[in-house]
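*Asks:* show me the folded form of this:
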Amino acid sequence: MIDGDQSATYKPQDTRNSPRFALGLRRGAQPPSSNSHSLNEQPSEAFRKWIEMEVLKIMKELVGRKDVQSKRIQEIANRTLDLIKPGMTMGALFQAAIKLNDGYPELDPLVIKLMKEYEQKYKYKAIEQVTDLVENGKYDEAEDVVKKVLEFKMSE
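*Replies:* Numbering: from 1, shown residues only. Predicted coordinates for the structure are as follows:
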């Protein structure tokens, strides 16, 4: 699904003012390895790095355009660093990532990609799980899964 090398280690440091980040060269931000088959199988750090790489791809594209100021690219970098942080859970990363494009329409393609992935992996997985539980007479467990899904949806 996504090619890349996950061997680089991430060094948590604030690189907001670093021109390297603004140009899409933040160290350690490698996409998940091609061994990761879907969003829900990846550990949260690999998912975070994948989000960062997608933002960096967009930033690199913007650098090449004449109508985009470097200040705007720096704002996108800062927005990403403000929302996407090391150590976040998968749920927290997803909720933060879908807010990336608030005021930053340049990030719409990334958010759309994330929403489609969520729809395919999480929503349908929950529906299948509830169906299986109901078919096996495990109504209390099915109800718990539905409650968790609803709690997650309400927190968005």
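
*Asks:* C-alpha from now on. contacts and neighbour counts both.
*Replies:* Noted.

*Asks:* quick check: residue 111 vs residue 59, distance?
*Replies:* Using CA to CA, to the nearest Å, one obtains 15 Å as the distance from residue 111 to residue 59.

*Asks:* the more surrounded of the two?
*Replies:* Between residue 111 and residue 59, counting by other CA atoms under 10 Å, residue 59 is the more crowded of the two (23 against 20).

*Asks:* hang on, that one packs against residue 73?
*Replies:* Yes. When contacts are counted by CA atoms under 8 Å, residue 59 is listed as touching residue 73 (6.2 Å).

*Asks:* which stretch of helix or strand covers residue 151?
*Replies:* Taking DSSP states H and E as the definition, residue 151 sits inside helix 139-155.

*Asks:* same thing with residue 52?
*Replies:* Following DSSP H and E, one finds residue 52 within helix 44-63.

*Asks:* give me the mean pLDDT for the helix or strand that that helix is followed by.
*Replies:* Remark: after helix 44-63, the chain's next helix or strand is helix 70-83, criterion DSSP H and E. Averaged across helix 70-83, pLDDT comes to 94.

*Asks:* now do stretch 97-104
*Replies:* Rounded mean pLDDT across stretch 97-104 is 93.

*Asks:* quick one: end-to-end distance for it.
*Replies:* The first and last residues of stretch 97-104 sit 12 Å apart, counting by CA to CA.
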